[in-house]
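Asks: My questions are about this predicted structure, shown below with the sequence.
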Amino acid sequence: MKLFRSLEELTPDVRGGAVAVGNFDGVHRGHARIIERLRERAREVGGPAVVFTFDPHPVRLLRPESAPPPLTWTDRKAALLAELGVDALVSYPTDEALLNLTAREFFDRLLRGALDARALVEGTNFCFGHDRAGTIDVLREFTRTSGVTLEAVAPITLDGEVVSSSRVRRLIAAGQVDEARGLLTRPYRIRGVVRHGASRGAKIGFPTANLDGIDTLLPGPGVYAGYAVAGATRRAAAVNVGPNPTFGEQTLKIEAHLLDFHGNLYGSLVELDFLSRLRDVRPFASLDELKAQLAQDVARTKEIAAAT
């Protein structure tokens, strides 16, 4: 997988293939279906399978007050798309010049010009260009007159509802990471830098890594079973998202207890995968009651991680 952050970086080997344009936030099963068809079209035209996406999401510039929190950061998105077989990701820097391109200009300058696309694969609700004036029907007309093939991929449904980034976002925000995991190609992941906390966990036998600087959507408050990844280290982890009401704290925190880990993670970048929600965050009457519950959380985390 090659990752490009500008058109000036493009190399000749990423031109002349099949291209899919979209945000691909979260990289869910619907996206995987598009990538499957993208790879097939790329083989037919004898070129690379390329995804063209935007950083940041255009709505962050157009309507920042209503911009949804992202599900993935660019490098994570690239890794997920690489697993699906994408050859190159163009993460185009969203700016006013891009947003002002008409649908025709977007097609001519970026898709045909910069990428020399021979085939396009898009979802049926795809829109592009200024004011989203370019619909899939408009794109079909552009491709018909330019000799580019176009495949429109219908959305997939699960449990009677379309699989979409907004659906995933809704589940994550509600703490339903189990259900979200069924829609995604990989468990939902966040990242943050480990900062010093109150060190209460270490004093009662359950040291935690306190994450700061998280730039994607946080799961709703709760205690979760998951995995923590720090460099080459990967451990099952019990994760608390929320306050510490037992100690009278109401500030939202993200704390991960890495199972069977002994080491110093301060200042390190840690990524957390969320597998399953264990329980609500609640106060405990005593430290002994808290420790007993934490031991249960760890035991359940071990079971869930071993089965995943």
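Replies: Perfect, I can see it now. Residues are numbered from 1 along each chain as shown.

Asks: Could you pull out the helices in the stretch 201-308 of the chain for me?
Replies: Ranges of helices within the stretch 201-308 of the chain are 287-306, based on DSSP state H, counting those that start in this stretch.

Asks: residue boundaries of the strands in it?
Replies: Secondary structure of the stretch 201-308 of the chain (DSSP state E, counting those that start in this stretch): strands located at 209-212, 222-230, 233-244, 249-258, 269-279.

Asks: quick one: which of those strands is nearest residue 33?
Replies: strand 269-279 (22.9 Å; CB to CB). (C-beta placed from N, C-alpha, C; glycine too.)

Asks: any chance of the strands of the stretch 201-308 of the chain in JSON lines, plus mean neighbour count and distance to residue 194?
Replies: Formatted as JSON lines, those follow (neighbours: other CB atoms under 10 Å; distance: least, CB to CB, whole Å):
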{"stretch": "strand 209-212", "mean neighbour count": "21", "distance to residue 194": "5"}
{"stretch": "strand 222-230", "mean neighbour count": "23", "distance to residue 194": "8"}
{"stretch": "strand 233-244", "mean neighbour count": "21", "distance to residue 194": "12"}
{"stretch": "strand 249-258", "mean neighbour count": "17", "distance to residue 194": "9"}
{"stretch": "strand 269-279", "mean neighbour count": "20", "distance to residue 194": "6"}
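
Asks: hey, least reliable of the ones you listed by pLDDT?
Replies: Lowest mean pLDDT within these: strand 249-258, a mean of 89.

Asks: Just the residues contacting it, thanks.
Replies: 190, 192, 197, 201, 206-211, 214, 218, 221, 226, 228, 233, 235-244, 265, 270, 272, 294, 298 (CB atoms under 8 Å, 6 or more residues apart in numbering).

Asks: repeat that with 7 Å
Replies: 192, 201, 206-211, 214, 228, 235, 237-244, 270, 272 (CB atoms under 7 Å, 6 or more residues apart in numbering).

Asks: The closest residue to residue 87 other than its chain neighbours: what's it in contact with?
Replies: Excluding its sequence neighbours, the residue lying closest to residue 87 (CB to CB, 6 or more residues apart in numbering) is residue 48, at 3.9 Å. By CB under 7 Å, 6+ apart, residue 48 lies in contact with 13, 14, 17, 42, 87, 88.

Asks: Same question for stretch 158-171: list its buried residues.
Replies: Buried residues in stretch 158-171, counted by 16 or more other CB atoms under 10 Å: 163, 164, 165, 167, 168, 169, 171.

Asks: so how far is stretch 219-228 from its chain's centroid?
Replies: Distance of stretch 219-228 from its chain centroid, counting by CA atoms, centre = their mean, to the nearest Å, is 16 Å.

Asks: on that earlier part again, could you export the buried residues of stretch 158-171 as a markdown table, including distance to residue 129 and secondary structure?
Replies: Converted to a markdown table, the buried residues of stretch 158-171 look like this (distance: CB to CB, whole Å; DSSP: H, G, I helix; E, B strand; the rest coil):
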| residue | distance to residue 129 | secondary structure |
| --- | --- | --- |
| 163 | 25 | coil |
| 164 | 21 | coil |
| 165 | 21 | helix |
| 167 | 26 | helix |
| 168 | 26 | helix |
| 169 | 25 | helix |
| 171 | 31 | helix |
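
Asks: Can you pull the phi/psi pair for residue 126?
Replies: phi -60, psi 130 (degrees, to the nearest 10).

Asks: In the buried residues of stretch 158-171, find the pair that's most separated.
Replies: 163 and 169 (12.1 Å).

Asks: Tell me how many other residues crowd residue 282.
Replies: Applying other CB atoms under 10 Å, we find 11 residues neighbouring residue 282.

Asks: where's it relative to residue 176, distance?
Replies: Note on residue 282: its distance to residue 176, by CB to CB, to the nearest Å, is 19 Å.
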